[in-house]
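> I would like the atomic coordinates for the input below:
(3 chains)
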Amino acid sequence: MSALLTNAILLSLFIFSLAMVLTVVRLFKGPSAQDRVLALDYLYILAMLMMLVLGIRYASDTYFEGALLIALFGFVGSFALAKFLLRGEVIE
Amino acid sequence: MNSVGELSLWIEIPVAVLLVLSSLFALCGAIGLLRLKEFFQRMHPPALASTLGAWGVALASIVYFSALKSTPVLHAWLIPILLSITVPVTTLLLARTSLFRKRMAGEDVPAEVSSGGRSENGN
Amino acid sequence: MKRLFPAPWLSLALWALWLLLNLSLSAGNLLLGAALAILAPLMFAPLRPLPVRIRRPGVILKLFFLVGRDVVMSNIAVALGVLRAGSKPPRSRFVKIPLDLRDANGLAALSMITTVVPGTIWSELALDRSVLLLHVFDLDDDAQFIEHFKTAYERPLMEIFE
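You can find the predicted model right below:
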């Protein structure tokens, strides 16, 4: 892998982590419960994209499966949280 | 095709540009999430990462792995497809939730659009 | 044939998904994928009360490219709107859109499109499916937006599903 691609990947990972930090600030600030669910959902998406970038960095397919799992669990988690906020119970 | 690890510049430049561009879009989404004043405004920026951000990273991954293995490797497209199915479900439910909670709290949101009773089939 | 494949498109999609996930076209994977593609729709048939009937494949392709273009354009618009939010706050508001589309599958597709395109969020649908409450990120003119929404997305979907 050439220096160009390595540096570009490092740069994009850095920007992704910066985005994650900003999202964590929103997660702690709130103010409402919906804001926190939204921030958590965004964190999941960012983590998934970072996994794909890492997959390119190490030229490995395994990261793709990790990304797929994060996407699925993120969906289930955010869905359950949003449902909980709507009714106060997850399963009815 | 070159040997593994020695890709031509014509492959590496698009991959690098795509990765940096999509990370910038994701950063824009996070800035919006932090800066915007009202909850419903804040629901819009996350769509940046789940559409163009995810498309860019998936395309970069496809280009890179296809060049690396000298054969089309398309499985990264599953990520945007999966996202385009799951993200609407979460967003829809979250929008309905916050409308419901804001109405309960008596905040300034539009009244229910169905004329009688609570609407239950928001899809 | 109809009993073996209650949802032929779903079967085809599942088969393609299996082969993509395994990244191979070997005989074993072809067979395993085919077994999944036949068994899963049979088991889930009771959960699908509404059969999908698709009319015009050409319109789907056109809609697909239109949505792709709109996603890119509104991504850039929302990103610029976020960066300029300090000096020029986005004019966000709720819009009520009268709907003509009644088919449940078509409405599901419409909700997917509105959510995937950044800048619009599907907030609430009336019980009788006649009115849609949509939140728009930056809006100039209500009437113009409703006109665009109806011609660009709703009409093709009505042609496809109804």
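> pLDDT value on B:L34, please?
Model confidence at B:L34, given as pLDDT, is 89.
> and it, what does it touch?
Under the criterion of C-beta atoms under 8 Å, 6 or more residues apart in numbering or on different chains, the contact partners of B:L34 comprise A:22-23, A:25-26. In short, each C-beta sits where N, CA and C put it, glycine included.
> buried members of these into ChimeraX, please.
With 16 or more other C-beta atoms under 10 Å in any protein chain shown as the burial test, the buried ones among the contacts of B:L34 are selected in ChimeraX as follows:
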select /A:22,23,26
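> just the contacts of B:L34: which are in helices?
Among the contacts of B:L34, the subset assigned to helices under DSSP state H consists of A:22-23, A:25-26.
> ok, which of the contacts of B:L34 also contact chain B?
The residues of the contacts of B:L34 that also fall near chain B, by C-beta under 8 Å from any C-beta of the partner chain, are A:22-23, A:25-26.
> just those residues now: which is nearest B:P72?
Within those, the smallest distance to B:P72 is 34.2 Å, found for A:T23 (C-beta to C-beta).
> that closest one is in contact with A:L43, isn't it?
Yes - the pair A:T23 and A:L43 passes the contact test of C-beta atoms under 8 Å, sitting 5.4 Å apart.
> show me what the one helix or strand C:A108 maps to is packed up against.
Here C:A108, judged by DSSP states H and E, is contained in helix C:104-116. The criterion is 3 or more C-beta pairs under 8 Å, 6 or more residues apart in numbering or on different chains; DSSP states H and E, and the helices and strands that helix C:104-116 contacts are helix B:78-104, helix C:57-83, strand C:120-125, helix C:155-161.
> rebuild those as CSV, extending it with distance to A:S12.
Putting the helices and strands packed on helix C:104-116 into CSV (distance: least, C-beta to C-beta, whole Å) gives the following:
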stretch, distance to A:S12
helix B:78-104, 16
helix C:57-83, 16
strand C:120-125, 28
helix C:155-161, 36
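> just name the most buried of those.
Ranked by average neighbour count under the criterion mean count of other C-beta atoms under 10 Å in any protein chain shown, these are headed by strand C:120-125 at a mean of 24.
> interface residues of chain C facing chain A?
On the criterion C-beta under 8 Å from any C-beta, chain A has as its neighbours in chain C the residues C:L23.
> indicate the residue of chain C located nearest to chain A.
Taking C-beta to the nearest C-beta as the measure, chain C has C:L23 as its residue closest to chain A, at 7.7 Å.
> for that residue, what are its contacts?
Applying C-beta under 8 Å, 6+ apart, the residues near C:L23 are A:61, B:73, B:75.
> buried among these? Need that as a selection in PyMOL.
The command below creates a PyMOL selection of those among the contacts of C:L23 that count as buried (16+ other C-beta under 10 Å):
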select buried, chain B and resi 73+75
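> for the residue sitting nearest the centre point of chain B, give its distance to chain A.
The central residue of chain B, meaning the one whose C-alpha is nearest the mean C-alpha position (C-alpha atoms, centre = their mean), is B:S50 at 0.7 Å. Distance from B:S50 to chain A, counting by C-beta to the nearest C-beta, to the nearest Å: 5 Å.
> so what's that residue up against?
When contacts are counted by C-beta under 8 Å, 6+ apart, B:S50 touches A:45, B:83, B:87.
> tell me the one of those residues nearest chain C?
Checking the contacts of B:S50 against chain C with C-beta to the nearest C-beta, the nearest one is B:V87 at 6.6 Å.
> just checking, what packs against the helix or strand containing C:F94?
Assigning secondary structure by DSSP H and E places C:F94 in strand C:93-98. Contacts of strand C:93-98 with other secondary structure elements, assessed using 3+ C-beta pairs under 8 Å, 6+ apart, are made with strand C:131-136, helix C:142-149.
> can you tell me which of the ones you listed is packed in deepest?
With neighbours defined as mean count of other C-beta under 10 Å, those peak in mean count at strand C:131-136, which reaches a mean of 22.
> neighbouring strands of it in the sheet, and parallel or not?
Strand C:131-136 has its sheet partners listed here by DSSP bridges as strand C:93-98 (antiparallel), strand C:120-125 (antiparallel).
> for whichever strand or helix holds A:A47, buried residues please.
A:A47 is located in helix A:33-57, with elements delineated by DSSP H and E. Neighbour-count burial for helix A:33-57, with 16+ other C-beta under 10 Å as criterion, is recorded at A:34-57.
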